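In: Build me a structure from this.
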Amino acid sequence: MPEHPNATVFRAGFQALWERGDVAPFLTLLRDDVEWINDIGAGPWREIHGKEAVLAFYGEWMQLFDENFH
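Out: Numbers count the residues shown, from 1 in each chain. Got it, this is the predicted structure:
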């Protein structure tokens, strides 16, 4: 079964961020008023508001993993 077009776009945005460090495609996926909830299964629980806060959150993750998820 083919992947849903929205899933393809979302996956490409994350791939650009994690594999190439290209933030722009990832940020286009998010609304300005995004609310991101990181549940306990993905580290400490926290609620994040806004694109800049989400970007800062992922910056922290990149530092945690020495800027490499591979």
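In: From here on, just use CA atoms for contacts and neighbour counts.
Out: Noted.
In: For the worst-scoring helix or strand of the chain on mean pLDDT, list every residue counted as buried.
Out: Across the helices and strands of the chain, mean confidence by mean pLDDT, DSSP states H and E is lowest for helix 51-64: a mean of 84. Going by neighbour count (16 or more other CA atoms under 10 Å), the buried part of helix 51-64 is Lys51, Val54.
In: That helix: how far from the chain's middle?
Out: Relative to its chain's centre, helix 51-64 lies at 8 Å (CA atoms, centre = their mean, to the nearest Å).
In: So which residues of this structure form helices?
Out: Counting by DSSP state H, the chain has helices at residues 5-20, 23-28, 51-64.
In: Kindly reformat the ones you listed as CSV containing distance to Gly41.
Out: Below are the helices of the chain laid out as CSV (distance: least, CA to CA, whole Å):
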stretch, distance to Gly41
helix 5-20, 19
helix 23-28, 22
helix 51-64, 14
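In: Identify whichever of these lies nearest to Glu35.
Out: helix 51-64 (8.5 Å; CA to CA).
In: Taking helix 5-20 as reference, get the angle to the closest one.
Out: Here helix 51-64 runs at 50 degrees with respect to helix 5-20, directions being taken by axes from the mean of the first three to the mean of the last three CA atoms, to 10 degrees.
In: could you say what helices and strands helix 51-64 packs with?
Out: Using 3 or more CA pairs under 8 Å, 6 or more residues apart in numbering; DSSP states H and E as the contact test, no helix or strand touches helix 51-64.
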